[in-house]
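Novice: sharing a model that was predicted from the sequence below.
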Amino acid sequence: MIAVATLAVPAVPRLGTLDRRGLAAAAALGALLAAGYGLQTAGLERTTVASTGFVTGMYVVLTPLLALALFRIRSTAEGWWWA
């Protein structure tokens, strides 16, 4: 709740610029993100500590690969270095 309040302050002026389609897209993406976090948390509760660390750490590697495969977005060398 604290994070929502903190992030809402700079976002409120931008919400006025969204039309109905933009608000619907934002709500859909927010729902997908919340579902992803919820499913990840539920899955991590049901596995071992070693598997939890492995699965969570794989996000660092898989995110740029999925961005390339799905959206043709290439990560920079600096991005791979800091990953």
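Specialist: Thanks, I have it.
Novice: where does the prediction get shaky in the protein?
Specialist: 83 (pLDDT under 70).
Novice: all helices for it, in order.
Specialist: Under the criterion DSSP state H, the chain carries helices at the ranges 2-15, 20-45, 49-71, 77-82.
Novice: mean neighbour count for these - can I get that in a markdown table?
Specialist: Heads up, the C-betas are built off the backbone N, CA and C, glycines and all. Putting the helices of the chain into a markdown table (neighbours: other CB atoms under 10 Å) gives the following:
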| stretch | mean neighbour count |
| --- | --- |
| helix 2-15 | 9 |
| helix 20-45 | 10 |
| helix 49-71 | 11 |
| helix 77-82 | 9 |
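Novice: middle-most residue in the protein, spatially?
Specialist: Closest to where the C-alpha atoms of the chain average out (CA atoms, centre = their mean) is L33, at 6.0 Å.
Novice: can I see the domain layout of this structure?
Specialist: By the assignment in automatic domain parsing, the chain contains the domains 1-46, 48-83.
Novice: so how far is the longest one from its chain's centroid?
Specialist: The chain centroid and the centroid of domain 1-46 are separated by 10 Å under CA atoms, centre = their mean, to the nearest Å.
Novice: now T41: how far from S75?
Specialist: 27 Å (CB to CB, to the nearest Å).
Novice: L18 now?
Specialist: Applying CB to CB to L18 and S75 gives a distance of 29 Å.
Novice: cool, R14 as well?
Specialist: For R14, the distance to S75 equals 27 Å [CB to CB].
Novice: also S51?
Specialist: Taking CB to CB, one finds S51 at 26 Å from S75.
Novice: with L62 instead?
Specialist: From L62 to S75 the distance is 12 Å (CB to CB).
Novice: over to V55?
Specialist: In terms of CB to CB, V55 sits 21 Å off from S75.
Novice: can you check G22 too?
Specialist: In terms of CB to CB, G22 sits 27 Å off from S75.
Novice: T52 now?
Specialist: T52 is 25 Å from S75, by CB to CB.
Novice: just V60 next, same as before
Specialist: 11 Å.
Novice: with L23 instead?
Specialist: From L23 to S75 the distance is 30 Å (CB to CB).
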